[in-house]
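Enquirer: Only the shape, not the letters, is given here:
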């Protein structure tokens, strides 16, 4: 018989637990994650997590913390009383967060840099950002260089606003221990806002990342089954038949109760990027026309049963996701319903879902790989170069001014004939007879790097770095460029 998940309240915190004795895993979950961070505060939830773990030391029980798109989680594994002690300490740290010193904040920033130097210093968009920009779920994939400039006041305000009993849940793989006594500020219900997608038509995006990736918006209730069936079909065609990839990494990200983004990451070597791109798109379209193979459907069934179909225990991931969905107000079917759906799903049903979702297709590929115009046209996808510098979008009255114009100053590159002109509305570059510009009002974050460089990221997550040393009078350029933006979007970035 399938084990029951019990639900109760612990000091105002919704709790999900099992009737199992012995060692247990306990998790304190808050309904705040990367999707809730504005671009100017990217990385703040991760910094708060690190600070709280430091405040809870020493802790000898096996423990840790993690930040996801939707959640902040603290967990421990061991004897119930030890797990309870650790989670009690985390809650106590939340309640005394204002006692954190600037020295502790600085120490944990150093630890975050050591954990992932690239994430700490670089703006680098991913599939969620391509579709949604750097807000909502898109915030989960564009890096966190703003972490370097986060202040104690900002982290404290963030912790107080999100880490409350009203925005918390508990999961335990056993009964709640008698020594558990988590007390959090009561707080208010929080709202998670998600803007609609910025990309609404099938699009081919030139990416800074290697390989090829396919992305769809699909109904949430069957997203995992569809994802596994697509993974099987892509492996069959691109690995086993064509030999141009090794693996297919597959992910689903809940956008809301009804919709999820489904992502499939392919790993061809550089010379096989275009064949993988072509075969990947053709595989999806071929399934739309001919349907999923029965083997693909069976593979999806087996994956779901292996994940959920155990009678003697409830998977920890299932418990935690149940808690997160509850916090975010999402509907969720129980394990038996999910298993029944996996058993009953047919090729025709999965094919119909893909057919209705194919119009949301985004394909990302390595922008260093040459793609011919003919090849692009054959794919039937609009091409997005995904560059912050845009062609021909500068109004005539803001065209580059003559050198020395006091209103529209121009800077020359030290080693090329390129120029930069700053107008009231645009930053314009002119090189080799062509002009490109950045609309200043579209810039979401200005990164003032410790090396003197300036990073610009716009509302779509597109970015660039300007090295002041490459321009004559670079110090003046840097000063005037920073003055062109509202102070609230200027953040200190580390050297890249």
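Expert: Arrived safely, thanks for sending. What you see is a predicted model, and the numbers here were worked out from it, not measured in a lab. Numbering: from 1, shown residues only.

Enquirer: buried sites along the lowest-mean-pLDDT helix or strand in the chain?
Expert: Counting by mean pLDDT, DSSP states H and E, the chain has its least confident helix or strand at helix 373-379, which shows a mean of 85. Within helix 373-379, the residues scored as buried using 16 or more other Cβ atoms under 10 Å are residue 379. From N, CA and C alone the C-beta is placed, and that goes for glycine too.

Enquirer: I'd say residue 69 and residue 140 touch.
Expert: Yes: assessed by Cβ atoms under 8 Å, residue 69 is found in contact with residue 140 at 4.3 Å.

Enquirer: just how off-centre is the least confident helix or strand of the chain within its chain?
Expert: Relative to its chain's centre, helix 373-379 lies at 30 Å (Cα atoms, centre = their mean, to the nearest Å).

Enquirer: do the same with stretch 25-38
Expert: 13 Å.

Enquirer: Check stretch 377-391 too.
Expert: 22 Å.

Enquirer: Next, the distance between the ends of it.
Expert: Using Cα to Cα, to the nearest Å, the end-to-end distance of stretch 377-391 comes to 21 Å.

Enquirer: which residues touch that stretch?
Expert: 125, 130, 199, 201-207, 277-278, 281, 361, 363, 367, 376, 429, 434-439, 456-458, 460, 462-464 (Cβ atoms under 8 Å, 6 or more residues apart in numbering).

Enquirer: swap in stretch 10-17?
Expert: Outside stretch 10-17, the residues that reach it (Cβ under 8 Å, 6+ apart) are 5-9, 165-166, 168-176, 180-184, 186, 319, 322-323, 326-327.

Enquirer: Report the separation between residue 141 and residue 279.
Expert: Using Cβ to Cβ, to the nearest Å, residue 141 is found at 25 Å from residue 279.

Enquirer: May I ask which helix or strand encompasses residue 312?
Expert: According to DSSP states H and E, residue 312 maps onto no helix or strand at all.

Enquirer: confidence score at it?
Expert: Predicted confidence (pLDDT) for residue 312: 70.

Enquirer: For residue 136, see how far away it is.
Expert: 39 Å.

Enquirer: Check residue 211 too.
Expert: 25 Å.

Enquirer: now do residue 228
Expert: Residue 228 is 26 Å from residue 136, by Cβ to Cβ.

Enquirer: Verify the stated contact: residue 250 with residue 261.
Expert: No: Residue 250 lies out of contact with residue 261 (Cβ under 8 Å); the separation is 11.5 Å.

Enquirer: between these two, which one's more packed in?
Expert: residue 261 (24 against 20; other Cβ atoms under 10 Å).

Enquirer: tell me the SS of that one?
Expert: Secondary structure of residue 261, reduced to three states by DSSP: H, G, I helix; E, B strand; the rest coil: strand.

Enquirer: do you know how far it is from residue 305?
Expert: 24 Å.

Enquirer: Need the nearest residue in space to residue 81, chain neighbours excluded.
Expert: residue 179 (5.0 Å; Cβ to Cβ, 6 or more residues apart in numbering).

Enquirer: Any idea how many residues pack against the one you found?
Expert: So residue 179, with other Cβ under 10 Å, has 12 neighbours.

Enquirer: Roughly how far does it sit from residue 92?
Expert: With Cβ to Cβ as the criterion, residue 179 and residue 92 are 14 Å apart.

Enquirer: again, but for residue 58
Expert: Distance from residue 58 to residue 92, by Cβ to Cβ: 14 Å.

Enquirer: Likewise for residue 447?
Expert: 35 Å.

Enquirer: quick one: residue 121 and residue 492 touch, right?
Expert: No: using Cβ under 8 Å, residue 121 makes no contact with residue 492, being 11.8 Å away.

Enquirer: Who has more neighbours out of these two?
Expert: With neighbours defined as other Cβ under 10 Å, residue 121 and residue 492 compare such that residue 121 has more, 22 against 15.

Enquirer: Return the residues in contact with that one.
Expert: 113, 143, 145, 148, 493, 494, 495, 496 are the contacts of residue 121 under Cβ under 8 Å, 6+ apart.

Enquirer: Let's see that with 7 Å instead.
Expert: 145, 494, 496 (Cβ atoms under 7 Å, 6 or more residues apart in numbering).

Enquirer: same check, this time on residue 493
Expert: 145, 148, 447, 448, 449, 455.

Enquirer: Phi first, then psi, for the second one.
Expert: Residue 148 adopts backbone torsions of phi -60, psi -30, taken as degrees, to the nearest 10.

Enquirer: my guess is it contacts residue 492, does it?
Expert: Yes: using Cβ atoms under 7 Å, residue 148 makes contact with residue 492 at a distance of 5.6 Å.

Enquirer: quick check: mean pLDDT across stretch 217-237?
Expert: pLDDT averaged over stretch 217-237 gives 97.

Enquirer: List the contacts of it.
Expert: 248, 250, 252, 254, 257-262, 264, 279-280, 283, 287, 292-293, 295-297, 299-300, 303-304, 342, 345, 350, 353-354, 357, 360.

Enquirer: which residues in this protein form helices?
Expert: Using DSSP state H, the helices of the chain run over 44-55, 80-95, 102-115, 117-121, 127-132, 152-162, 223-234, 273-290, 294-308, 316-327, 335-344, 347-357, 373-379, 474-483.

Enquirer: Just say which of the ones you listed is most tucked in.
Expert: Mean neighbour count, computed with mean count of other Cβ atoms under 10 Å, is highest for helix 127-132 among the helices of the chain, reaching a mean of 26.
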